[in-house]
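Trainee: quick one, what's the 3D model for this:
(one chain, ligands or ions: 2)
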Amino acid sequence: MQSNDLRKAGLKVTTPRVKILDILAGSEGRHLSAEDIYRQLLEHAEDIGLATVYRVLTQFEAAGLVERHHFEGGTAVFELNQGEHHDHIVCMDCGRVEEFMDCGIEERQLDVAKRLGFDIAEHNLILYGHCKKPNCPNRPAVKRGPRDQEPGAGT
Ligand SMILES: [Zn+2]
Ligand SMILES: [Zn+2]
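Mentor: Residues are numbered from 1 along each chain as shown. Ligands and ions are numbered 1, 2, ... in the order given. Got it, this is the predicted structure:
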């Protein structure tokens, strides 16, 4: 199935492309950074370098297979482009990303554009906040030692 998606997008079927597409299609979070994907490849003992992951993701983006999001305070994340529109809410503490689609918000945006004399071509709505997940680092005030640094905070 993934190979078909690649061919449809005009890309040659290569192992790195198929594996990376697999990870994006199977990801629970749905919004993965290049490093997340690289880590999952390592877990599956795939010999694909981080530079290749970046290159493939850029090719996927150009081909319209994935969407790249730059959420503030984080690295770029990628998600499969599945066609249906949705907006995002992002936790500023743990980086959790949730998707939502609210008809009221969508309609109000159309109203605003119409009032200002625009046809909307696209929009990108991102809400930022503090999530209430118990495992979010913002929740309990746990002391964090120097070795408990956020993964990737300094890189
Ligand atoms: Zn959180
Ligand atoms: Zn999304």
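Trainee: all strands for the chain, in order.
Mentor: Secondary structure of the chain (DSSP state E): strands at 66-69, 77-80, 87-91, 97-100, 126-129.
Trainee: ligand 1 contacts on this protein?
Mentor: With Cβ under 5 Å from the ion as the criterion, the chain meets ligand 1 at residues 91, 93, 94, 96, 131, 136. Using the backbone N, CA and C atoms, a C-beta is placed for each residue, glycine as well.
Trainee: who does residue 129 bridge with?
Mentor: residue 91 (DSSP bridges).
Trainee: contacts only, for it.
Mentor: For residue 129, the contact set (Cβ atoms under 8 Å, 6 or more residues apart in numbering) comprises 89, 90, 91, 92.
Trainee: quick check: closest non-adjacent residue to residue 120.
Mentor: In space, and not counting its chain neighbours, residue 120 is closest to residue 113: 4.7 Å by Cβ to Cβ, 6 or more residues apart in numbering.
Trainee: quickly list the domain ranges of the protein.
Mentor: 1-82, 84-142 (automatic domain parsing).
Trainee: in stretch 21-32, what counts as buried?
Mentor: Residues of stretch 21-32 classed as buried under the neighbour-count rule (16 or more other Cβ atoms under 10 Å) are 21, 22, 23, 24, 27, 30, 31, 32.
Trainee: CA atoms of that stretch as CSV?
Mentor: Listed next in CSV are the C-alpha coordinates belonging to stretch 21-32 (Å, rounded to 0.1, in the frame of the first residue of the first chain):
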residue,chain,number,x,y,z
LEU,A,21,6.1,6.1,5.4
ASP,A,22,5.3,3.0,7.5
ILE,A,23,6.3,4.8,10.6
LEU,A,24,4.3,7.9,9.8
ALA,A,25,1.2,5.7,9.0
GLY,A,26,1.6,3.7,12.2
SER,A,27,2.4,6.4,14.6
GLU,A,28,0.0,6.9,17.4
GLY,A,29,0.9,10.5,18.1
ARG,A,30,0.7,11.2,14.3
HIS,A,31,3.0,14.2,14.6
LEU,A,32,6.6,13.1,14.6
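Trainee: what bits of this structure have low per-residue confidence?
Mentor: Along the chain, the parts satisfying pLDDT under 70 run over 1, 27-29, 139-155.
Trainee: name all residues that make contact with the residue nearest in space to the middle of it.
Mentor: Closest to where the C-alpha atoms of the chain average out (Cα atoms, centre = their mean) is residue 31, at 2.9 Å. By Cβ under 8 Å, 6+ apart, the residues touching residue 31 are 69, 77, 78, 79, 88, 97.
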